[in-house]
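Engineer: what would the 3D arrangement of this be:
(4 chains)
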Number of protein chains: 2
Amino acid sequence: MHNHYAANTRQHLRVWLKLLKTSGNIEAVLRERLKRECGTTLPRFDVMAALDHHPAGLRMTELSEFLMVSNGNVTGIVNRLAEDGLVERTQDSQDRRAQTVCLSPSGHTEFQHLAKLHAQWIDDIMQPLNVEQSDTLMALLEQLTELEVSS
Amino acid sequence: MHNHYAANTRQHLRVWLKLLKTSGNIEAVLRERLKRECGTTLPRFDVMAALDHHPAGLRMTELSEFLMVSNGNVTGIVNRLAEDGLVERTQDSQDRRAQTVCLSPSGHTEFQHLAKLHAQWIDDIMQPLNVEQSDTLMALLEQLTELEVSS
DNA sequence: CTATATTAGTTTAAGCTTAAAGTAAATATT
DNA sequence: AATATTTACTTTAAGCTTAAACTAATATAG
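Structural biologist: Below you'll find the predicted structure:
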């Protein structure tokens, strides 16, 4: 029986599609709730979470590295957050090219609210797994994080 | 010890972030290879895969339902595929609003090439898991597919 | 038959995303 | 000091995505 692929190519495809679907479904739920219940988006939430994690603020470049997105992308999201008064830009006094972005007071308050809801949603969604199961899931996913970086 | 959340809220968050990251990493690899090696995108691939699966063709609305994206979205992707001669639109003779989209001969040839590469990439990425492990992963992901639909 | 409602699909506005080009300031070289 | 390079960031062009508005055709109701 000639078979140029590994014996379980089909199984691999099925698992990948399941992984993609599960992750996408959960992400869609989060996006939907952020929008409907909070009037915001996942990218905005991610930027605010990064800034909340760095109370001293971040440079635009640091922010884009932390979030692993392009710097042009960060420019747009920060622009919109700034328009809404949720983040503040401070010009660097040493380097006139640079600026530090941080949450405004109202942005901080708003994020605390968002983070609480977000944690509850995740907790709810992950409820079906007991501790042992989620450990197993972590370990299996961990194995997929290694190879795909190479080649 | 007062704790208003379930005991493993933090663990739940960690697992979700791991799931999101793993899925996103793999998706990024696929996007990158589709672009660099094939000059195409994941949305285009998805549309072509759907059409390959339905040799008789699909209506625009059927396509958007099958892929679970908005109909306006499908319009744009099919437009670009049509510009490249990879799909063909056929006006429905019964209903002047409707049309059937299917892969062109060159689109079919092209997709066979893409699908082969795609399967090899997935096979490669999923290699670290043996059959038992991927069964376990499937089962765990399956549990997360149930609840999140509700509420 | 006419008015209404539904259906198929496109267009538009807004945001997300990237790569590539551009701007301006700081640093390094000669 | 003048030139070149690097760095920080923005802008642009293109594509993906959605919801909402829109167009046109079909189906339904009276």
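
Engineer: for the most centrally placed residue in chain A, which non-adjacent residue is closest in space?
Structural biologist: When Cα atoms, centre = their mean is applied to chain A, the residue found nearest the centroid is residue A:46 (5.1 Å). Residue nearest to residue A:46 in three dimensions, not counting chain neighbours: residue A:67, with 5.9 Å by Cβ to Cβ, 6 or more residues apart in numbering or on different chains. In short, each C-beta sits where N, CA and C put it, glycine included.

Engineer: pLDDT wise, what is the residue nearest to the centre of chain A at?
Structural biologist: Looking at residue A:46, its pLDDT reads 98.

Engineer: list the buried ones in the helix or strand that contains it?
Structural biologist: Assigned by DSSP states H and E, residue A:46 falls within helix A:42-53. Of the residues in helix A:42-53, A:43, A:44, A:45, A:47, A:48, A:49, A:50, A:51, A:52 count as buried by neighbour count, 16 or more other Cβ atoms under 10 Å in any protein chain shown.

Engineer: and the helix or strand that it is followed by, is it in reach of DNA strand C?
Structural biologist: Per DSSP H and E, the first helix or strand lying C-terminal to helix A:42-53 is strand A:58-59. No. Applying Cβ under 7 Å from any atom of the strand, one finds strand A:58-59 separated from DNA strand C by no less than 12.9 Å.

Engineer: what pairs with strand A:58-59, parallel or antiparallel?
Structural biologist: strand A:99-103 (antiparallel) (DSSP bridges).

Engineer: which other residues reach the partner strand?
Structural biologist: Strand A:99-103 has contacts (Cβ atoms under 8 Å, 6 or more residues apart in numbering or on different chains) with A:48, A:51-52, A:54-60, A:63, A:78, A:86-92, A:111.

Engineer: what's the angle from that strand to helix A:42-53?
Structural biologist: For strand A:99-103 against helix A:42-53, the angle by axes from the mean of the first three to the mean of the last three Cα atoms, to 10 degrees is 100 degrees.

Engineer: flag every buried residue along strand A:99-103.
Structural biologist: Here strand A:99-103 shows A:99, A:100, A:101, A:102, A:103 as buried, counting by 16+ other Cβ under 10 Å.

Engineer: how about stretch A:55-64?
Structural biologist: Buried residues in stretch A:55-64, defined by neighbour count with 16+ other Cβ under 10 Å: A:57, A:58, A:60, A:62, A:63, A:64.

Engineer: wait, which of the residues you listed is closest to residue A:122?
Structural biologist: residue A:63 (23.0 Å; Cβ to Cβ).

Engineer: could the buried residues of stretch A:55-64 go into a markdown table alongside distance to DNA strand D and pLDDT?
Structural biologist: Formatted as a markdown table, the buried residues of stretch A:55-64 follow (distance: Cβ to the nearest atom of the strand, whole Å; pLDDT from 0 to 100):
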| residue | distance to DNA strand D | pLDDT |
| --- | --- | --- |
| A:57 | 10 | 96 |
| A:58 | 8 | 97 |
| A:60 | 4 | 97 |
| A:62 | 7 | 97 |
| A:63 | 8 | 97 |
| A:64 | 8 | 97 |
